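Student: What follows is a protein structure lacking sequence information:
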């Protein structure tokens, strides 16, 4: 028997040890069993947004996971009433007189209207796909609703009780703010607008004139993807919007230098020249996922939740304006700048999101989404003075622990980012990334959806990760977080949460499940085995062969001709197609901006399905069918 050299034996043993370690970790980190106690667990509340009554006595809290609004006495913290609304409520607006409350229900595609005297739903209004932010224009008796999946804003006539029109907004339209004089509405969006492949991401603030109910301006936000709440000073001279500045055009190899995400604000209005982006991070600490934002009534302070850092950042407005007028522009990447205008950082609960001020500005209420609590902050001392328990379950199960891990940035180097930076609200970010493990400039990848992943293994676009523990474990620690990551129990909890994420509703299916005529024609094309000239289509080039099974993937790795020069291999994992309509851009590297481009631009030789014999109308039919999956 041949004897291996000592150094060769060592290499083999090291490799075997590594394989064994990964295997044991994967076994240990399998999702927690879905036994009856897990399925029947208490339902968490997940407070997301808050409104305060005009007299300051009542708090109205949108609870996303329990599908309700909880009414709380602001003074005592006593729970007064639970009001059931639609599925997955997300936005809230209170009429100036405090008599009517409007709640957008993201997965029901409607708005619940609540009479605050009776504390019950008195009307339900239709909206677009996944309504999110909502504001009321009392002068024109109109309600505006930002629709995240239809990328528009519904204008609802409250007298008529229905939509008057839709206004085109940015992709993922989500948050709305009414200007102090009521003349304008500002709309932000969580996904970047479509652009050229590997170009700087661009977003916008869509500005709507309430008198004409038209879009009058689109304020460009360059190098921004992920725009959340917006607030204006009460004199209307200063506006600020919470946002992310991703560094996705360079290899993810500069985490230690703050070059993964920049947590920032865009500042605009008469008090400044143009739009100025200001950093929130510090040289040795990041404050991940800026989200909810509010001005004090006297315009002296800005309060901002940083959802991944479990904190609230306080900005001194006078110091901020001085910095904006004296610093050389731009300085959005200068991590020393925040020390000039940030007055304090206040620790609050897990995943703080929406905030609201008392009418006198002395109290700030913060919705701690993953604690089922509200933090109450004294705005003068900038300290938490009490915590209101909203009455959620006290047991913290594996799913909730995993969700907290998913939404925190504490594991990354200097708190730079977490899973939810790229998978905003457990979805996508609409970006393409150059991830270091594959080599600099190699294997640029599109961000894939996390919906209902169980049974779609392997993972990564090249199929290189056999299971979720491999995807989220040591690989994440080494190449993403650059610091010690999850222990065995935490990895198990995280994987359990990720595997629990459901499909969102598919809006392209009819209520009864039957297909339209166009969808029926598209289905026939999807399932065909012969081209139009009668020749047989090879199995591996049939749509329904690769995209088969309950989630429309055969879980194989194939070369369909979509590989690029920067790819180490043209072989790609077959992606699942369920809810594919919501996950643009397409292909492994995000080079196709639409489903149509998959076949009209990137399939010249009919290697990714036979589509070159289709007419424009037939291709449209195929796409209409794919939207229903």
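Tutor: Looks like it arrived, so ask away. Keep in mind that what you see is a predicted model, and the values were worked out from it rather than measured. Residues are numbered from 1 along each chain as shown.
Student: Tell me who's in contact with the spatially most central residue of the chain.
Tutor: In the chain, the centroid-proximal residue (C-alpha atoms, centre = their mean) is residue 424; its distance is 2.2 Å. Shown in contact with residue 424 (C-beta atoms under 8 Å, 6 or more residues apart in numbering): 190, 191, 226. From N, CA and C alone the C-beta is placed, and that goes for glycine too.
Student: Could you list every helix and strand in contact with the host helix or strand of residue 101?
Tutor: Element membership of residue 101 [criterion: DSSP states H and E] is strand 100-105. Under the contact criterion of 3 or more C-beta pairs under 8 Å, 6 or more residues apart in numbering; DSSP states H and E, strand 100-105 touches strand 89-94, strand 110-115, strand 131-137.
Student: Packing partners of the first one?
Tutor: Spelled out, that is strand 89-94. Strand 89-94 is packed against strand 47-52, strand 58-63, strand 68-73, strand 100-105, strand 131-137, strand 142-147, with contacts defined by 3+ C-beta pairs under 8 Å, 6+ apart.
Student: just so I know, which of those strands lies nearest residue 375?
Tutor: In terms of C-beta to C-beta, the element of the helices and strands packed on strand 89-94 nearest to residue 375 is strand 47-52, at 10.7 Å.
Student: Of the contacts of residue 424, which is the most crowded?
Tutor: residue 226 (28 neighbours; other C-beta atoms under 10 Å).
Student: need the contact list for the residue nearest to that one when sequence neighbours are not counted.
Tutor: In space, and not counting its chain neighbours, residue 226 is closest to residue 244: 3.6 Å by C-beta to C-beta, 6 or more residues apart in numbering. By C-beta under 8 Å, 6+ apart, the contact set of residue 244 is 224, 225, 226, 227, 261, 262, 263, 264, 289, 290, 421.
Student: So which of the residues you listed is the closest to residue 144?
Tutor: For the contacts of residue 244, the closest approach to residue 144 (C-beta to C-beta) belongs to residue 227, at 16.9 Å.
Student: Comparing the helices and strands packed on strand 100-105, which stretch has the densest surroundings?
Tutor: Among those, strand 131-137 has the highest mean neighbour count (mean count of other C-beta atoms under 10 Å), at a mean of 26.
Student: Each with direction, which strands does that one pair with?
Tutor: Strand 131-137 has these partner strands in its sheet, going by DSSP bridges: strand 142-147 (antiparallel).
Student: coming back round to it: need the contacts of residue 244 in CSV with pLDDT, can you?
Tutor: Putting the contacts of residue 244 into CSV (pLDDT from 0 to 100) gives the following:
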residue, pLDDT
224, 97
225, 97
226, 97
227, 98
261, 93
262, 95
263, 97
264, 97
289, 98
290, 98
421, 96
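Student: closest to residue 563 among those residues?
Tutor: residue 225 (25.5 Å).
Student: residues in contact with the closest one?
Tutor: Residues near residue 225 by C-beta under 8 Å, 6+ apart: 191, 192, 201, 203, 244, 245, 246, 248, 429, 430, 431.
Student: Now that we have those residues, which of them are buried?
Tutor: 191, 192, 201, 203, 244, 245, 246, 248, 429, 430, 431 (16 or more other C-beta atoms under 10 Å).
Student: if I look at residue 183, how far off is residue 210?
Tutor: For residue 183, the distance to residue 210 (C-beta to C-beta, to the nearest Å) stands at 6 Å.
Student: So between the two, which is more surrounded?
Tutor: The neighbour comparison of residue 183 against residue 210 (other C-beta under 10 Å) goes to residue 210, with 21 against 14.
Student: need the contact list for the more buried one.
Tutor: Per C-beta under 8 Å, 6+ apart, neighbours of residue 210: 137, 139, 140, 142, 178, 182, 183, 184, 185.
Student: try it again with 10 Å
Tutor: The neighbours of residue 210, taking C-beta atoms under 10 Å, 6 or more residues apart in numbering as the test, are 135, 137-140, 142, 144, 155, 178-179, 181-185.
Student: Of the contacts of residue 225, which belong to strands?
Tutor: 203, 244, 245, 246 (DSSP state E).
Student: if I read this right, the last one contacts residue 431, doesn't it?
Tutor: Meaning residue 246. Yes: counting by C-beta atoms under 10 Å, residue 246 touches residue 431, with 5.9 Å between them.
Student: Now that residue 122 has come up, it's in contact with residue 111, right?
Tutor: No: Residue 122 is beyond contact range of residue 111, at 11.9 Å (criterion: C-beta under 10 Å).
Student: Perfect, that will be all.
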